[in-house]
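Asker: the sequence and its predicted three-dimensional model are supplied below.
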Amino acid sequence: MDTLSPTELDEWRARFDADRTDAGAVIEATLTDSLETTDHLTADQLGEAIEWKLGSQGGRAELNRRRLSRVVDNASGIDRVVRNVTRAAFTPAPSHELEDGAFSEADRGMIKHQLDLLSALPGVGAATATVVLTFNDPTNYAVGDRYLFGALLGEERPVTAGNYPDLLAELRTRTPAGLPLREAEKAYYKWYAERR
């Protein structure tokens, strides 16, 4: 698969940002900014992350928001649960990177555990869990989806807790030093989406 040059990364990131909806940009900026000063999401913020990930998918977004809403309406403690689960999932980023960009088994296990924790919340699957991790730490995480798999690994497939570390490792090998993974991910996503 192709590796984009730093200039190409900049061009494709700019195209991604130019094409995104104002609502999506606002949700991402609001949640990312909020997570710079706190160590968790609220149930309402989690609902916004679900909307961000699935909003363009109409029925799926609405179904997952309803799942979360039912839980919020029926259990006064759901906000506390969301806060505790997201706090637990926001452990420090993997730091024991191997020379080829891969992760140690301990780091792979930690990333898998983070996705499993977040996926236990109502309305959150593995792909939405990657959104939550990315909004918390855009330097070390990226939004995972089938297009990014296609761009980086040559085959579109759904994100799972088991394959997300492979996706991150591959993206790390293609990201220039100092560029947040989220920024590189936006470029590869847009580059691939326009070529499929």
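Answerer: Thanks, I have it.
Asker: my guess is residue 172 contacts residue 181, does it?
Answerer: Yes - taking C-beta atoms under 8 Å as the contact criterion, residue 172 and residue 181 are neighbours in contact, 6.8 Å apart. For the C-beta atoms, the positions are set from N, CA and C on the backbone; glycine is no exception.
Asker: so these two - more neighbours on which side?
Answerer: A count of neighbours by other C-beta atoms under 10 Å puts residue 181 above the other of residue 172 and residue 181, at 21 against 18.
Asker: residue 138 is in contact with the more buried one, correct?
Answerer: Yes - applying C-beta under 8 Å, one finds residue 181 in contact with residue 138, separated by 7.1 Å.
Asker: overlap in contacts of these two?
Answerer: Both residue 181 and residue 138 lack any common contact, where contact means C-beta atoms under 8 Å, 6 or more residues apart in numbering.
Asker: low-confidence ranges, this structure, go.
Answerer: Under the criterion of pLDDT under 70, the regions of the chain flagged as low confidence span 1, 56-62, 64-76, 93-101.
Asker: any idea how far residue 160 is from residue 126?
Answerer: With the distance defined as C-beta to C-beta, to the nearest Å, residue 126 ends up 5 Å from residue 160.
Asker: overlap of the contact sets of these two?
Answerer: Taking C-beta under 8 Å, 6+ apart as the contact definition, residue 126 and residue 160 share the neighbouring residues residue 115.
Asker: neighbour-wise, which of those two wins?
Answerer: Between residue 126 and residue 160, counting by other C-beta under 10 Å, residue 126 is the more crowded of the two (20 against 17).
Asker: does the more buried one touch residue 115 like I think?
Answerer: Yes - counting by C-beta under 8 Å, residue 126 touches residue 115, with 5.4 Å between them.
Asker: now the common contact residues for the two.
Answerer: Taking C-beta under 8 Å, 6+ apart as the contact definition, residue 126 and residue 115 share the neighbouring residues 160, 161, 164.
Asker: residue 24 and residue 107, how far apart?
Answerer: Applying C-beta to C-beta, one obtains 30 Å for the distance of residue 24 from residue 107.
Asker: so for these two, which residue has more residues nearby?
Answerer: Residue environment comparison for residue 24 versus residue 107 gives the larger neighbour count to residue 107, 19 against 14, counting by other C-beta under 10 Å.
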